[in-house]
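Chemist: Sharing a model prediction with you, sequence too.
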Amino acid sequence: MRPHESTLGTRFSRTHPDIGEWVNDRFGVSYGGYGDGLPSRDPNGPTSGFDRVFRGGDWYNVAEQATVAARDYGDRHGRGDFLGLRLVRTIPIPSTPTVAISPTSPTDSDDLACTASGSEDIDGDSVSYVYSWTVNGVASTITADTVPAASTATGDVWTCSATATDGTDSSAAVTASVTVAADAAFADYTTEWGSEMVAITAGSFNMGCCAGDPDSAYTDHEVTLTHDFWMGRTEITKDEWESDTADNSGWSYSTYSCGAGDCPADQISWFDFAIYANALSAAEGFTPCYTASGGDLAAAYVADPYSCPGYRMPTEAEWEYAAGAGVDADEYAGSNTADDVAWTDSNSGSVEHPTAGLAANAWGLYDMSGNLFEWTDDWYDADYAGYGSGAGESDPPGPTAAQAVPDGSARVFRGGFWGDAPSYAAVAYRTGNSPSNRGSSVTARLARTVP
């Protein structure tokens, strides 16, 4: 084929006289078809007209006609001893493919699959596709066509870039992008009895405090939680507690309790809350997490709370992870100033207060510090048995009943209460009491593992 007008000008011998050279393009005086002065890619020249362009000057014309920019034209049927041509052939680069990511509206539980298609090679060579990814504008190490769900997070913007290649030459790159949303099955929700449940993503954090700290007495160490879970936005309220009409109607609260339905339910033992969690699980069709053995729920709690499908108390590790919002940044749950987030003896007026009356932590959880202590699932051991003894630990189960001191006598509660000093409301502070204890200082909040 003849060259396009835009390909002539450099790198070729004798593109100046002897003779002018036909090009493929039609002639337009106003340079129509070339972008009208704007940048253009692979211009084809005008789309209509009878005359064709020739370039390069010829042996009998003036020197100015031999310049690189000079152009002339003639009837496309014309023949003359001053006209000729030279051959060109397009290098067979595969054509640009189309690219798409599926699903088009992914959640953080979906794999991202990039599919390129439609590229052709004019020589008939087979075409394959090369993929690369960026996440939030930063190059990823993933070079396969699929990004596993485990590599994504809510809010990520993933972009797939694909090129076609015949093994020698490659097409231009094309891209497609998607934004990852939260899995609808893993989102905040409200239970049938009115508890707001906050979705907590699994992760690693530093559990504990300083070695030798008199208020915690255990070593700061890394803990990894491998299961996403939900946590109650607030301590269990009176309205929520009394929704279990079979067990809790007409409950006897302490004289320190505030009167409204959004006040925390107090005078709740570990056993009481286990019964409540079972009842809510049954109401929503989940397998309960606690089973009675005679009247002793504690002896028959499920072996692995992290895999139980129903409602339960958080493990001690889950509680501290949620209170600190996954980081070891604030002394209290959401602030380094106790009065911002915790009802203690410095600001409570010696009474409990309605839930969510002070600031929440970064994950939207209220009263993790102060107001009332909160039961956790774990047996209590002052020496921190069952948590890796200072080493890294995944999904720690806490002490066994035999490790609890004295044996099988106490469960952990956390968070401090309205009548204690602020130091008891610190995220790292821990203590325990008999699971049968009902007191004006203790309540609990719900937890549930994401299936």
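Modeler: Received, thanks. Residues are numbered from 1 along each chain as shown.

Chemist: how's this protein carved up into domains?
Modeler: 1-89, 98-179, 185-451 (automatic domain parsing).

Chemist: Return the most buried member of the ones you listed.
Modeler: domain 185-451 (a mean of 19; mean count of other Cβ atoms under 10 Å). Heads up, the C-betas are built off the backbone N, CA and C, glycines and all.

Chemist: Any stretches of the stretch 1-150 of the chain with poor pLDDT?
Modeler: 1-17, 31-38, 41, 91-92 (pLDDT under 70).

Chemist: Please apply the same query to the stretch 251-400 of the chain.
Modeler: 292-303, 384-392.

Chemist: can you give me the helices for it?
Modeler: Per DSSP state H, counting those that start in this stretch, the stretch 251-400 of the chain carries helices over the ranges 270-283, 316-323, 338-341.

Chemist: average model confidence for stretch 195-210?
Modeler: Mean per-residue pLDDT for stretch 195-210: 89.

Chemist: Make sure V412 is indeed in a strand.
Modeler: Yes: under DSSP: H, G, I helix; E, B strand; the rest coil, V412 falls within a strand.

Chemist: Report the contact partners of it.
Modeler: Applying Cβ atoms under 8 Å, 6 or more residues apart in numbering, we find V412 in contact with 316, 375-376, 378-380, 398, 430-432.

Chemist: can we see that at 6 Å?
Modeler: 316, 376, 378, 380, 430, 432 (Cβ atoms under 6 Å, 6 or more residues apart in numbering).

Chemist: With adjacent residues omitted, what lies nearest to the residue located most distally from the centre of the chain?
Modeler: Here the chain reaches farthest from its C-alpha mean at Y60, the gap being 73.1 Å by Cα atoms, centre = their mean. With sequence-adjacent residues excluded and distances taken as Cβ to Cβ, 6 or more residues apart in numbering, Y60 is closest to F82, at 6.2 Å.

Chemist: Contact partners for that neighbour?
Modeler: 19-20, 58.

Chemist: ok, now with 10 Å
Modeler: 17-20, 54, 57-61, 74 (Cβ atoms under 10 Å, 6 or more residues apart in numbering).

Chemist: again with E196
Modeler: 188-190, 230-234, 240, 356, 364-366, 446.

Chemist: before we move on, what about A150?
Modeler: 108-109, 111.

Chemist: ok, back up a step: now intersect the contacts of E196 with the strands, please.
Modeler: Applying DSSP state E to the contacts of E196, the entries found in strands are 189-190, 230-232.

Chemist: Kindly reformat those residues as a markdown table containing distance to N44 and pLDDT.
Modeler: Shown next, in a markdown table, are those (distance: Cβ to Cβ, whole Å; pLDDT from 0 to 100):
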| residue | distance to N44 | pLDDT |
| --- | --- | --- |
| Y189 | 59 | 94 |
| T190 | 62 | 96 |
| W230 | 61 | 97 |
| M231 | 64 | 98 |
| G232 | 67 | 98 |
